[in-house]
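>>> Take a look and give me a structure for this.
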Amino acid sequence: MTRYAAETSVSQDRSRAEIEATLKRYGATSFMYASEPTAAMIGFRISDRMVKFVLPMPDPKSREFTHHSRGQRTPDAALKAWEQAGRQRWRALALVIKAKLEAVAAGITTIEDEFLAHTVLPDGSTVGQFMQPQLAIAYEQGSMPTTLLLGGPA
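Sure, this is the predicted structure:
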């Protein structure tokens, strides 16, 4: 199975700008961006909700970039493969956000449903981060928890 945009030449900056423009077109009133070596994050306000997506970035030292089927890659080839993986991830994020917003615009779903897992809670975590441990417990026990876990995600 090939990855969406695996061969893209669209830069990460251009994808980020496209995401920001798409969000504005669909009614977002704020946009922010941050990055570090292992992840990038975008955040925005839409329908009175703060939403954030954390985009894990590939590790340049990963074997998938440093090696190929015939052995070790040259440093330049490894860098090119790593940069390509970053571009692919940004294109995939742009696609996800655009698809969610178009589904809302078409009346298929709502902002709340599409972005629930990425909605920011008062402590800065997301609904998804808060609920994942509780969901795991519910499935393990085969029943709904009687109380919410306190303290949020670890």
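>>> Could you find the closest non-adjacent residue to residue 45?
Nearest-residue entry for residue 45: residue 30, 4.1 Å, with adjacent residues in sequence omitted and distances by C-beta to C-beta, 6 or more residues apart in numbering. For every residue, glycine as well, the C-beta is placed using N, CA and C.
>>> tell me the pLDDT at the one you found?
pLDDT, the model's per-residue confidence, is 95 for residue 30.
>>> Repeat that for residue 153.
If you check residue 153, the pLDDT there is 52.
>>> Can you mark which positions in stretch 42-59 are buried?
42-46, 49-53, 55, 57-58 (16 or more other C-beta atoms under 10 Å).
>>> residues in contact with residue 114?
Applying C-beta atoms under 8 Å, 6 or more residues apart in numbering, we find residue 114 in contact with 100-101, 103-104.
>>> Can you say which of these are buried?
The buried subset of these - by 16+ other C-beta under 10 Å - is 100-101, 104.
>>> For residue 55, see how far away the residue nearest to residue 72 when sequence neighbours are not counted is.
Once its chain neighbours are removed from consideration, residue 72 has its nearest residue in residue 66; the separation is 6.4 Å (C-beta to C-beta, 6+ apart). From residue 66 across to residue 55, the span is 22 Å (C-beta to C-beta, to the nearest Å).
>>> same thing with residue 72?
28 Å.
>>> So what's the gap between the helix or strand bottoming out on mean pLDDT in the chain and the chain middle?
Ranking every helix and strand in the chain by mean pLDDT, DSSP states H and E puts helix 127-141 at the bottom, with a mean of 91. With C-alpha atoms, centre = their mean, to the nearest Å as the basis, the distance from the averaged C-alpha position of helix 127-141 to the chain average is 20 Å.
>>> now swap in stretch 22-37 and tell me
Centre to centre, stretch against its chain (C-alpha atoms, centre = their mean), the figure for stretch 22-37 is 12 Å.
>>> Which parts of this structure are strands?
Taking DSSP state E to define them, one finds strands in the chain at 30-36, 39-46, 49-56, 67-68, 71-72.
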